[in-house]
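1. please find the sequence and the predicted model below.
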Amino acid sequence: GAFLDTPTFPGFVMDVNASVGGTFSRQVYLGPQGDTIPSDIVAGQAIEWQTGTGNARALLTGKLAPLAFSQYRLEWQDRPYGPGEEFRVSAGLQDRFTESVNARATAATSLAQDTALVRRINQALGTDSVAGLTLEALAFPFEVTNVTESRDVQIAIVQHRTTVLLGQGADTQRVSVPAGKWTPGDRLVFLEVVNDTLRPTWHAVIGCTSTLRITCDATATAGYAAVVENGVTQDVIYFRPLVAGADFTATVAAERVDAVARKDDLKTIKVVPNPYVVFSEFERSASARVIKFTHVPDEGRLRIYTISGQFVQEIRWSEGDLNGTGDLEWNLRTRENTELAYGLYIWVLDSPAGTARGKFVVIR
């Protein structure tokens, strides 16, 4: 109490909830340009860090245990099953699947067989130890780092599937996984150098939700959209347990007086026309396809995605680009300068006032 009356009191009080230490917080997907992929794209579609019982467990014990609960970053260089996703269950599926997985970019390779390492992993796994464990060097389309501790992460595979079931209902087919390739659903162990020793830190599974099977049903009919691809970053964040001597740093910035009002203004942003129909009355000519984002802030960044999470276009503007109307025009051209296809799209607007998002449809 007395500290609050001293000259060193900074003028604010920080509350810390210690009860959540060591529990899962969230996972966030960032696009190639560093923007957050909207949650409504990710939900039910993305390959995820599986947090269910037995799928994710910290392996460090004793005084080292808190060091496992960190922010882990998966940097993807390709889709989980390669460029051939999304597959169709039909004749020749095995060949198409094999070609796609073999063409997949390799970002990292799991650790190969080592007797001492196998013993160390099984000791860390305890009741989850694997009898007759043999480590294989398999190729991954992502690499992992421990952001909190600034540590590189190596991976060992303790359970690898050699086949994958694709398709839904009666229309399914089991395909063989090409040799030397990781696939979603494999059981992994993360290993990091802690106190100069390579130690198992996490038992983890990267896969899909139960509705898509842990191995991910990467077919066009399953509603599957991996979300991750080359340039996408997946951050997995755990609450850090409190330990004696922990330091906290707070950066305090005064909020602008009009900030609340400006945030409310974002709610008035609309896309017109919506749905957009080819040769709408808003077009100046048949060759000038245009939609407008109305009541946008004086400056900001607008990003467009397909409903499956594919990045389409980015627009940055300042007040002079709005022609005094407060409306931002877009000519429906993609970043490859092709015409926008028909379908449902998601827009995300970032500005000094905050972030807004919404949807629009392009139809015939």
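-> Yep, it's here.
2. and Q159, how many neighbours?
-> 13 (other C-beta atoms under 10 Å). In this view, the C-beta of every residue, glycine as well, is placed from N, C-alpha and C.
3. ok, and the closest non-adjacent residue to it?
-> Excluding the flanking residues, the one nearest Q159 by C-beta to C-beta, 6 or more residues apart in numbering is R187, at 3.7 Å.
4. next: E86.
-> Here the residue nearest E86, using C-beta to C-beta, 6+ apart, is A220, at 4.2 Å.
5. check A108 too.
-> A108's closest residue in space is E143 (C-beta to C-beta, 6+ apart), at 4.3 Å.
6. what pLDDT is listed against that neighbour?
-> pLDDT for E143: 98.
7. before we move on, what SS does it have?
-> Going by DSSP: H, G, I helix; E, B strand; the rest coil, the secondary structure assigned to E143 is strand.
8. isn't it right up against T109?
-> No - if you go by C-beta atoms under 8 Å, E143 and T109 don't touch, sitting 9.8 Å apart.
9. now the helices for this structure?
-> 39-42, 93-103, 115-125, 259-265 (DSSP state H).
10. mean neighbour count added to those helices, as JSON lines?
-> As requested, the helices of the chain are arranged in JSON lines below (neighbours: other C-beta atoms under 10 Å):
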{"stretch": "helix 39-42", "mean neighbour count": "16"}
{"stretch": "helix 93-103", "mean neighbour count": "16"}
{"stretch": "helix 115-125", "mean neighbour count": "16"}
{"stretch": "helix 259-265", "mean neighbour count": "13"}
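11. could you dump these into TSV and include mean pLDDT?
-> Shown next, in TSV, are the helices of the chain (pLDDT from 0 to 100):
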stretch	mean pLDDT
helix 39-42	70
helix 93-103	97
helix 115-125	94
helix 259-265	64
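12. which residues does the residue nearest to N195 when sequence neighbours are not counted contact?
-> Spatial nearest neighbour of N195, excluding adjacent residues (C-beta to C-beta, 6+ apart): L64 at 7.4 Å. If a contact means C-beta atoms under 8 Å, 6 or more residues apart in numbering, then L64 has 194-195, 199 as its contacts.
13. give the contact list for L138.
-> L138 neighbours (C-beta under 8 Å, 6+ apart): 109-110, 157, 160, 180-182, 186.
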